[in-house]
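1. Here is a sequence together with a model predicted from it:
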Amino acid sequence: MHMLLNRSLLTVGFIAVLASGCADSGPVAVTQVERTSTDQADLFGGRLAISAGQGQYAVGTIPVDFSYAAVQVSAGRTIARGKFKQSLTLNGLLVEFEGRVTCMGIDETNGRAWIAGVITKNNSLNPSFQTAIHQVGKDVWFRVVDYGEGGNATQPDRTTFLGFEGGAGIITSAQYCAEKPWPANDERTNALTAGNLQVF
């Protein structure tokens with residue numbers, strides 16, 4: 001499903017993060033509401049950052065479905081909110097995580113976002129993803145890059161699979177958002193094969 005977010009419609013104030021379908025089992029989506037300020041850098045004297053997307057990418061030959069929406073407001077103190085979900089089948093067994101956003105890093109110039117939070121559901125049946133670092137309440141993160149929309153896109157948008165405690169020396173979500181690691185040449189990111197994401 002292709003989700004193109006209209007930059008002129010995404011919110012100041014609130015971005016509604018919804019779970020479509022039954023309970024929390026569906027993909028994350030965002031509502032579009034009229035902007036109440038023409039300057040996204042001036043949110044009640046603060047800074048608004050938004051990233052959201054939905055679609056599919058592949059790790060090797062394994063398709064991964066993803067959806068997320070995250071908003072961060074910096075006005076005296078920084079608050080981040082949102083949800084995310086990633087799902088795949090590995091060796092015939094489900095690997096699926098849902099999470100709540102607790103922080104976000106943004107590089108608007110290069111269209112990059114680092115999104116991190118805590119696991120709220122681990123629906124995985126694969127035992128490799130049922131260890132201590134994969135449990136509800138544990139920190140988790142991923143990063144994305146937005147390469148433009150439609151005919152203006154220079155290449156497909158990209159994202160990573162989830163990172164967990166200890167991966168690449170990162171221990172906490174706060175550390176991940178603060179350090180904002182981005183290896184050269186988009187290493188370890190995966191091109192979207194369907195859908196779209198945006199960073200601004």
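-> Ah, there it is. Residues are numbered from 1 along each chain as shown.
2. residue contacts, the spatially most central residue of the chain?
-> Centroid-nearest residue in the chain: Y68, 4.7 Å away (criterion: Cα atoms, centre = their mean). Applying Cβ atoms under 8 Å, 6 or more residues apart in numbering, we find Y68 in contact with 28, 51-54, 82-85, 101, 115, 142, 197. (Glycine included, C-beta is placed from N, CA and C.)
3. Could you list which of those residues belong to strands?
-> Per DSSP state E, strands hold the following members of the contacts of Y68: 28, 51-54, 82-85, 101, 115, 142, 197.
4. which residues in the protein form helices?
-> 173-179 (DSSP state H).
5. Low-confidence ranges, it, go.
-> 1-45 (pLDDT under 70).
6. now the strands for it?
-> Going by DSSP E, the chain shows strands at 17-19, 28-30, 47-59, 62-75, 77-90, 93-107, 112-122, 139-145, 158-159, 163-164, 190-199.
7. Redo those as JSON lines? Include distance to Y176.
-> Output for these, formatted as JSON lines (distance: least, Cβ to Cβ, whole Å):
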{"stretch": "strand 17-19", "distance to Y176": "20"}
{"stretch": "strand 28-30", "distance to Y176": "19"}
{"stretch": "strand 47-59", "distance to Y176": "14"}
{"stretch": "strand 62-75", "distance to Y176": "13"}
{"stretch": "strand 77-90", "distance to Y176": "12"}
{"stretch": "strand 93-107", "distance to Y176": "8"}
{"stretch": "strand 112-122", "distance to Y176": "5"}
{"stretch": "strand 139-145", "distance to Y176": "4"}
{"stretch": "strand 158-159", "distance to Y176": "15"}
{"stretch": "strand 163-164", "distance to Y176": "7"}
{"stretch": "strand 190-199", "distance to Y176": "16"}
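8. neighbours of the nearest residue to W182 once chain neighbours are set aside, just the number please.
-> Nearest non-adjacent residue to W182, counting by Cβ to Cβ, 6 or more residues apart in numbering: R112, 6.2 Å away. Neighbour count for R112, taken as other Cβ atoms under 10 Å: 20.
9. what do you get for L94?
-> L94 is flanked by 13 other residues according to other Cβ under 10 Å.
10. for it, what are its contacts?
-> Counting by Cβ under 8 Å, 6+ apart, L94 has contacts 87-88, 123-126.
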